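Asks: Need coordinates for the following:
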Amino acid sequence: MKSNTLTPRDLFGNQVRYTVPLFQRPYVWNKEKQWEPLWDDVRTVAERILENKEAQAGETRPTEAVPHFLGAIVLDQMMVRTGFIQERHIIDGQQRLTTLQLLLDAAQLVVQEHGTQPDAAALQSLVLNDPDMASTPEQVFKVWPTNYDRAAFAAAMDDSVTVTGELRKTRIVKAHTFFVSEVEEWADIKGDPDKAKYRLNALGLALREYLRLVVIDLEPGDNAQVIFETLNYRGAPLLAADLIKNSVFKQAEAEGLDVELIYETSWKRFDSDHWRAEIKQGRLKRPRIDSFLNYWLVMRKTHEVPADRIFTDFSDFASYSDWSLSQVLQDMNHHADVYEELDRFHWTSTAGTFAYRILDVMDQGVWVPVLLWLFGQPRSLLPVEQLDRALSAIESWSVRRMVCRLTTKGINRFGVDLLKHLDTVEVGEAGDAVSRFLASREGDSARWPEDQEVIAACMSEPMYRRITRARLRMILEALEDDLRTPLAEEDHCVRASLTIEHVMPQGWREHWRLPGQDAPGVEELKRDQLIHTLGNLTLVNNRLNPALSNRPWTDGEARARGLGERGKRSILHEHSVLALNSDIENRWREDWDESVIAERGLDLANRITRIWPGPAADLWDQDSSLDGAEESGGFREEE
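Replies: Take a look at the predicted model:
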């Protein structure tokens, strides 16, 4: 390798073209992290040049304008016939080179309209090659980005048109628009025209002569891919997907495949903002594409894949499996469709209910590889009944363990073991296989709790304090739906919007004193524990005012204490559109005490064992479902 420190004039001044190889990622720089800091640095240099000119004019000692270092780029020389525009591949640094071109063109546009012709021509020579030397229209551009960004780049760099439609939303066009706006504001083009020309001249000089890049030219025999991976995978913030893309298209080139066609049909979707956007995965946020590749590799390799080994594990899979590159990409895209569909399941379906309860509320992404496997099967091989049975079993196993507060340690390994088991059974029996597998596990780390254990936990555990609000609300929502009979689609309660309320209030001492008790004692401590159990919890449409929430149970008690006409039961009547509250109002009109809480707790606990049937219950037949849904929110049979 050879390195030189060059200015933009040195880099772009000749008839030259820097192209971004197809295997590299799309343009990802943004305003906050890159455009604004770059513009601030360039503006500072331009203002130093202005100060220098003013000092010289006043015959005082000038302040030297210090050049600004932009970073390093790595280039690979391409073989081009003599007389044609020279071409180099950008191995590293495409983001800064693309951004620099957008800034140069934005400045050239403003200078062309408000500066001098020589200054405009000097900048234009840095963004466009001589059209007479270009063998194709795009060869006039000094930089040519990867496929995904080419239309936006060409539109942004064409100063004769106004960019419209979807291209206006691209990062490249937004960057160009940002730089035009900043240059216009800094030059004060709406003020003194001569002053604007003066300032734009300094800006042009700063852009051409006072920026520096370290340019590393590869020599024959240098491995561009290894250098790319070394510079980026071991420090710079490239996605795992970017490294995989690099590897895939290098392999495609080596095999003589049509890389343009492969990109359009098998990779272009992954370069979109949708796939590169960050999503929550556990406690962290990760790009959607990296999360998907992680889950897909777990499914295909049936072992855990740490986040920092996605690229390595993909390389191993692509190299040592019996699949061709085309088969790998086809399988990736098929399961990418499945992965996107997880967000679109109809919320009343078994699949939609599972996604809400297990993926969203319980945040158990460990099951996503299993879902990719299940929903990736053709419906001709895996009937809806078996699919729903698998989801029902997993949901019951997860919820029952949560209610009994059993450990989640090792759950990732458990999910991998289930995938290995599914690879050994007939696809058409996957639902039965999942149920049998879960029922066969032993020990606190994996067992499926029986009914009596679930009932005991519901009766005694202070769930309000030991289960997160979102998860406890999910259990109460399921109970609400179970109480609504018959359960039509429009009868499901609205998820994730209701508030958990204590029937006997947490501040019960104000108006709910124990009979015959004037001082704290054992019975009060028992009540403090009991009020947080399931039997004393309900849902309301909005949080009750504490003054209302703490009232005595009956209207008579409220009047006797001078608290108005309504007691807590009448206030809950306002929320009787919810079946949980109608049930309370109808069954316990006169008293709400420890015996009632225990009675209702037992009733709700038994409902939970029916909603989420356990391993001992012979309920895993074609009619079983989690939520009364008649069909899955899954996929149509593959054609």
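
Asks: if you count residues, which strand in this structure comes out on top?
Replies: Ordering each strand of the chain by length in residues (DSSP state E) puts strand 68-77 first.

Asks: so whichever helix or strand comes after that strand versus strand 68-77, what angle?
Replies: Toward the C-terminal end, the helix or strand that comes next after strand 68-77 (DSSP states H and E) is strand 86-92. Put simply, strand 86-92 runs at 120 degrees to strand 68-77, going by axes from the mean of the first three to the mean of the last three CA atoms, to 10 degrees.

Asks: If you count neighbours, what's buried in strand 86-92?
Replies: Taking 16 or more other CB atoms under 10 Å as the basis for neighbour counts, the residues of strand 86-92 that come out buried are Glu87, Arg88, His89, Ile90, Ile91, Asp92. Yep, even glycine has a C-beta here, placed from its N, CA and C like the rest.

Asks: next one: stretch 464-474
Replies: Result for stretch 464-474 [16+ other CB under 10 Å]: buried residues Tyr464, Ile467, Arg471, Leu472, Arg473, Met474.

Asks: that older thread, what's the distance between the longest strand of the chain and the middle of its chain?
Replies: On the basis of CA atoms, centre = their mean, to the nearest Å, strand 68-77 is displaced by 32 Å from the centre of the chain it belongs to.

Asks: what does it contact?
Replies: When contacts are taken as CB atoms under 8 Å, 6 or more residues apart in numbering, the neighbours of strand 68-77 outside the stretch itself are 1, 3, 18, 38, 41-42, 44-45, 88-93, 96-97, 100, 210-218, 222, 224, 227-228, 231.

Asks: Where does the prediction get shaky in the stretch 351-500 of the chain?
Replies: 485-491 (pLDDT under 70).

Asks: before we move on, the earlier item: now, the contacts of strand 68-77 that are in strands?
Replies: Secondary structure from DSSP E places 3, 18, 88-92, 211-217 of the contacts of strand 68-77 in strands.

Asks: Any chance of a markdown table for the residues you listed, columns pLDDT?
Replies: What follows is the ones in strands among the contacts of strand 68-77, written out as a markdown table (pLDDT from 0 to 100):
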| residue | pLDDT |
| --- | --- |
| Ser3 | 76 |
| Tyr18 | 95 |
| Arg88 | 91 |
| His89 | 91 |
| Ile90 | 92 |
| Ile91 | 87 |
| Asp92 | 87 |
| Leu211 | 93 |
| Arg212 | 91 |
| Leu213 | 90 |
| Val214 | 86 |
| Val215 | 90 |
| Ile216 | 86 |
| Asp217 | 86 |
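
Asks: I'd like these as JSON lines, with distance to Ser125 appended.
Replies: Output for those, formatted as JSON lines (distance: CB to CB, whole Å):
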{"residue": "Ser3", "distance to Ser125": "25"}
{"residue": "Tyr18", "distance to Ser125": "15"}
{"residue": "Arg88", "distance to Ser125": "18"}
{"residue": "His89", "distance to Ser125": "23"}
{"residue": "Ile90", "distance to Ser125": "20"}
{"residue": "Ile91", "distance to Ser125": "25"}
{"residue": "Asp92", "distance to Ser125": "25"}
{"residue": "Leu211", "distance to Ser125": "16"}
{"residue": "Arg212", "distance to Ser125": "19"}
{"residue": "Leu213", "distance to Ser125": "18"}
{"residue": "Val214", "distance to Ser125": "23"}
{"residue": "Val215", "distance to Ser125": "18"}
{"residue": "Ile216", "distance to Ser125": "24"}
{"residue": "Asp217", "distance to Ser125": "22"}
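
Asks: with those in mind, which one is nearest to Glu510?
Replies: The shortest separation between Glu510 and any of those is 68.4 Å, and it belongs to Asp92 (by CB to CB).

Asks: Where does Leu539 fall, secondary structure wise?
Replies: Element membership for Leu539 (DSSP H and E) is strand 537-540.

Asks: Let me see the mean pLDDT of that strand.
Replies: Per-residue pLDDT over strand 537-540 has a mean of 92.

Asks: and that strand, what does it pack onto?
Replies: Applying 3 or more CB pairs under 8 Å, 6 or more residues apart in numbering; DSSP states H and E, one finds that strand 537-540 makes contact with helix 469-483, strand 499-502, helix 579-587.

Asks: Against Leu11, how distant is Leu387?
Replies: As judged by CB to CB, to the nearest Å, Leu387 and Leu11 stand 57 Å apart.

Asks: For the two, indicate the residue with more neighbours.
Replies: Between Leu387 and Leu11, Leu387 has the larger neighbour count (other CB atoms under 10 Å), namely 24 against 21.

Asks: isn't there a strand covering Leu126?
Replies: No - using DSSP: H, G, I helix; E, B strand; the rest coil, the secondary structure at Leu126 is coil, not a strand.
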